[in-house]
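> show me the folded form of this:
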Amino acid sequence: MTTQEAYRQCEEIMKKGSLTFYRAFSLLSKPDRQAVAAVYTFCRLLDDAVDESDRPEASLT
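Now for the predicted structure:
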C-alpha cells in the first residue's frame, strides 16, 4: 500500500465514521486534511479496540 492509498483509506474511515466531521475538515488543504484523517483513524481504531474488548486495559498493550 502506498502512502497516498493509506491516506485515502483514512479519509474513507473518517467519512464512514463521522460524515459531519469529514465534511468540516474537507475544506482544509490536502496535506492538512490527510493529517486530520490519519489522526482521526488512529483514534477511532484505538477507541473501537477498547470499547469492543472484554478487557480494555489489555487492548492497549
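> contact partners for the nearest residue to residue 11 once chain neighbours are set aside?
Leaving aside its sequence neighbours, residue 11 sits nearest to residue 37 (C-beta to C-beta, 6 or more residues apart in numbering; 4.5 Å). Quick note: C-beta positions are derived from backbone N, CA and C, even for glycine. Neighbouring residues of residue 37 by C-beta atoms under 8 Å, 6 or more residues apart in numbering: 7, 10-11, 13-14, 25.
> how about a cut-off of 7 Å?
Under the criterion of C-beta atoms under 7 Å, 6 or more residues apart in numbering, the neighbours of residue 37 are 7, 10-11, 14.
> got it, and residue 14?
By C-beta under 7 Å, 6+ apart, the residues touching residue 14 are 21-22, 37, 40-41.
> wait, residue 34 sits on residue 5?
No - contact criterion C-beta atoms under 7 Å: residue 34 and residue 5 do not qualify, at 11.6 Å.
> which SS state does residue 28 fall under?
Under DSSP: H, G, I helix; E, B strand; the rest coil, residue 28 falls in the coil class.
> just give the nearest non-adjacent residue to it, would you?
That would be residue 36: by C-beta to C-beta, 6+ apart, it lies 6.6 Å from residue 28.
> which stretches of this structure form helices?
3-17, 19-25, 30-51, 56-59 (DSSP state H).
> in CSV: these, plus mean pLDDT.
Output for the helices of the chain, formatted as CSV (pLDDT from 0 to 100):
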stretch, mean pLDDT
helix 3-17, 96
helix 19-25, 92
helix 30-51, 92
helix 56-59, 65
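> what about residue 34 and residue 5, which has more around it?
Ranked by neighbour count (other C-beta atoms under 10 Å), residue 34 and residue 5 place residue 34 first, with 19 against 9.
> OK, contacts around the closest residue to that one other than its chain neighbours?
Setting aside the residues directly before and after it, residue 34 is nearest to residue 7 in space (C-beta to C-beta, 6+ apart), at 4.3 Å. Neighbour list for residue 7: 34, 37-38 [criterion: C-beta under 7 Å, 6+ apart].
> run a quick neighbour tally on the residue nearest to residue 28.
Using other C-beta under 10 Å, the number of residues around residue 36 comes to 19.
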